[in-house]
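Colleague: quick one: sequence plus predicted model below, questions after.
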Amino acid sequence: MYKNILKPFLDFFAALLGLLLISPLFIVVWIGLVIANYGKPFFIQKRPGKHGRIFSIIKFKTMNDKKDAKGTILPDAERLTSIGQFVRKTSLDELPQLINVLKGDMSFIGPRPLLPEYLSLYNTEQKKRHDVKPGITGWAQINGRNAISWEQKFTYDVWYVEHISFMLDLKILFLTVKKVFISEGISSKGQATTSRFEGEN
């Protein structure tokens, strides 16, 4: 009952309330990123959701589009703006995903939505992460986020899918707030984000 009825209802209600409460902060961040990113405050990208259905995820854009002399896009770490670094460190870049939750594409809690090209690389066990809606935060995020290996992430994701409950979601939500305050696991060692998934070794 929780997974199929109560969880979607709570997601919608909380996302609507959240957007109303944080609207002043949302606008401030939006203005700052409009200036830093030359009029482009949002990052919109196709991601697979429940059962692999593709949707457009919305995030605040923390990196600009600068290129080198040859026209090649610069590495992530070099494109991360000052305000973008703050927004990423405080996880404010995730705020627009409340819109995805309202639309029913995402949940507050669930495996993070990754890139569509990874779909063909998952093994049978890893594919289970798509049995539920992706989340703004999840079990893998509070257990290392971008600082753990892909294998560990997928193990945490599948464990969550097999153990979904109201109390587990509350625990994840509480620990997510704690992680945000201490800015833990934001990136992989030596990188601004995380490395690409190349499939099983």
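Modeller: The structure has been received and is ready for your questions.
Colleague: okay, Val87 and Pro96: tell me how far apart.
Modeller: To Pro96, Val87 is 11 Å away according to CB to CB, to the nearest Å. Bear in mind the C-beta positions are built from the backbone N, C-alpha and C, glycine included.
Colleague: mind checking what secondary structure Thr124 has?
Modeller: Three-state call for Thr124 (DSSP: H, G, I helix; E, B strand; the rest coil): coil.
Colleague: please enumerate the strands of the protein.
Modeller: Counting by DSSP state E, the segments of the chain that form strands are 42-48, 54-60, 107-109, 135-137.
Colleague: to Trp150, which of the ones you listed lies closest?
Modeller: Evaluated over the strands of the chain, closeness to Trp150 peaks at strand 42-48, with 15.7 Å, by CB to CB.
Colleague: rounded mean pLDDT for that closest one, please.
Modeller: In this model, strand 42-48 carries a mean pLDDT of 96.
Colleague: likewise for stretch 162-177?
Modeller: On average, stretch 162-177 scores 95.
Colleague: for the longest helix along the chain, name the packing helices and strands.
Modeller: Looking across the chain with DSSP state H, the single longest helix is helix 7-36. When contacts are defined as 3 or more CB pairs under 8 Å, 6 or more residues apart in numbering; DSSP states H and E, helix 7-36 packs onto strand 54-60, helix 82-89, helix 97-103, strand 107-109.
Colleague: now do the shared contacts for Val87 and Pro96.
Modeller: Jointly contacting Val87 and Pro96 under the rule CB atoms under 8 Å, 6 or more residues apart in numbering are Phe60.
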